[in-house]
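Novice: sequence? don't have it. structure:
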């Protein structure tokens, strides 16, 4: 885990960033950059030990953000931009404005998405970092393309400014109580409430779910691996898991039977990320997906957990 560093964290009011704030702040000096528009969000961050900084990187409003930073962990993104223009402004241009300010850091860690990969017809294909890009994100058509555009911005600025950079393509994250808990957290709520789980019709839907605790440990690996030109690495769990399998397991934990609904464009395409390159960099995975799903239920809905 990162220790003794001066870290600027974005997206700390969301699912992944919230976990990072909680676990990094006791061991580092962490500044959290956000608008803090949700009631109580600033107080929660400060209670975790984060130094809160009001700003909006998408608008270039970074005057309050400190200059003396070792590592930037850029998690924030608009996952459902209402238009291509909004996605480009917030995901691509905003990332560029933030990175330009912090061009002299020791490591800039940019959280991208496995949705950047070009869809492979084989649902069991393990996407490698060298695979073609240009994929789809049916839940938000403008998300995948604008995250790919952001990768281009990050790669370019890393080369121009010599900023050591890691681009981590995140698959499915999950874990603690913040935001919607990731895709499995959303499924947990749907199972408890009796709502259907939406899945694509005619093909298995597999992902590489990764628990937040493993993700926090990987940040130190990404900081060490940061280079100019940028290092690109997958960020998922080591196993490909059917969505139905993890939903049925969650159902067992809460004593409910999941309901599945299949149709065109219902959910994420489904991608298994290949972990080999990440493993060569030093990434390790300690949380098996079954253990992680149980931890998620305990963290999010302990009232629903059956013995």
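Specialist: Done, it's in. None of these values were measured; they are calculated from a predicted model.
Novice: Show me the shaky parts of the chain.
Specialist: For the chain, the stretches with pLDDT under 70 are 265-267.
Novice: Got the domain ranges for it?
Specialist: Split into domains by automatic domain parsing, the chain comes to 6-175+209-237+271-285, 182-204+241-270+290-300.
Novice: chain center to the first one, what's the gap?
Specialist: Which is domain 6-175+209-237+271-285. 7 Å (CA atoms, centre = their mean, to the nearest Å).
Novice: That one: end-to-end distance?
Specialist: Domain 6-175+209-237+271-285 has an end-to-end distance of 25 Å (criterion: CA to CA, to the nearest Å).
Novice: next one: stretch 126-145
Specialist: 20 Å.
Novice: and that stretch, which residues are buried?
Specialist: For stretch 126-145, burial by neighbour count (16 or more other CB atoms under 10 Å) applies to 126-127, 129, 131, 135-137, 139-140, 142-145. Any C-beta I mention is one placed from the backbone N, CA and C, and that applies to glycine too.
Novice: And for stretch 37-45?
Specialist: Neighbour-count burial for stretch 37-45 [16+ other CB under 10 Å]: 41, 42, 44, 45.
Novice: In strands, which of those appear?
Specialist: Among those, no residue falls in strands (DSSP state E).
Novice: What strand or helix carries residue 187?
Specialist: Assigned by DSSP states H and E, residue 187 belongs to helix 182-193.
Novice: to the chain's geometric centre, what's the distance from that helix?
Specialist: On the basis of CA atoms, centre = their mean, helix 182-193 sits 17 Å off its chain's mean C-alpha point.
Novice: C-terminal to that helix, which secondary structure element comes first?
Specialist: Next along the chain after helix 182-193, taking DSSP H and E as the criterion, comes strand 196-200.
Novice: Residue 177 contacts residue 301, correct?
Specialist: No: assessed by CB atoms under 8 Å, residue 177 is found out of contact with residue 301, at 9.3 Å.
Novice: So which of these two has more stuff around it?
Specialist: Taking other CB atoms under 10 Å, residue 177 and residue 301 do not tie; residue 301 has more neighbours (19 against 16).
Novice: so how far is residue 204 from the more buried one?
Specialist: Using CB to CB, to the nearest Å, residue 301 is found at 27 Å from residue 204.
Novice: What of residue 55?
Specialist: Separation of residue 55 from residue 204 (CB to CB): 42 Å.
Novice: more neighbours, those two?
Specialist: Ranked by neighbour count (other CB under 10 Å), residue 55 and residue 204 place residue 55 first, with 19 against 13.
Novice: Let me see the contact set for that one.
Specialist: Counting by CB atoms under 8 Å, 6 or more residues apart in numbering, residue 55 touches 33, 34, 35, 61, 62, 63, 64, 65.
Novice: before we move on, back to that, which of the domains of the chain sits closest to residue 306?
Specialist: Shortest distance between residue 306 and these, using CB to CB, is found for domain 182-204+241-270+290-300: 4.2 Å.
Novice: And the helices in the stretch 151-300 of the chain?
Specialist: Listed in chain order, the helices of the stretch 151-300 of the chain (DSSP state H, counting those that start in this stretch) span 182-193, 212-225, 243-254, 276-281, 289-300.
Novice: Quick one: those as TSV, columns for mean neighbour count and distance to residue 21 too.
Specialist: Output for these, formatted as TSV (neighbours: other CB atoms under 10 Å; distance: least, CB to CB, whole Å):
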stretch	mean neighbour count	distance to residue 21
helix 182-193	21	16
helix 212-225	21	10
helix 243-254	19	25
helix 276-281	15	23
helix 289-300	20	15
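Novice: Residue 119: which of the ones you listed is closest?
Specialist: Taking CB to CB, helix 243-254 is the member of the helices of the stretch 151-300 of the chain nearest to residue 119, at 16.5 Å.
Novice: got the angle between the closest one and helix 182-193?
Specialist: 50 degrees (axes from the mean of the first three to the mean of the last three CA atoms, to 10 degrees).
Novice: Which strands or helices does helix 243-254 pack on?
Specialist: Counting contacts by 3 or more CB pairs under 8 Å, 6 or more residues apart in numbering; DSSP states H and E, helix 243-254 packs against helix 182-193, strand 196-200, helix 289-300.
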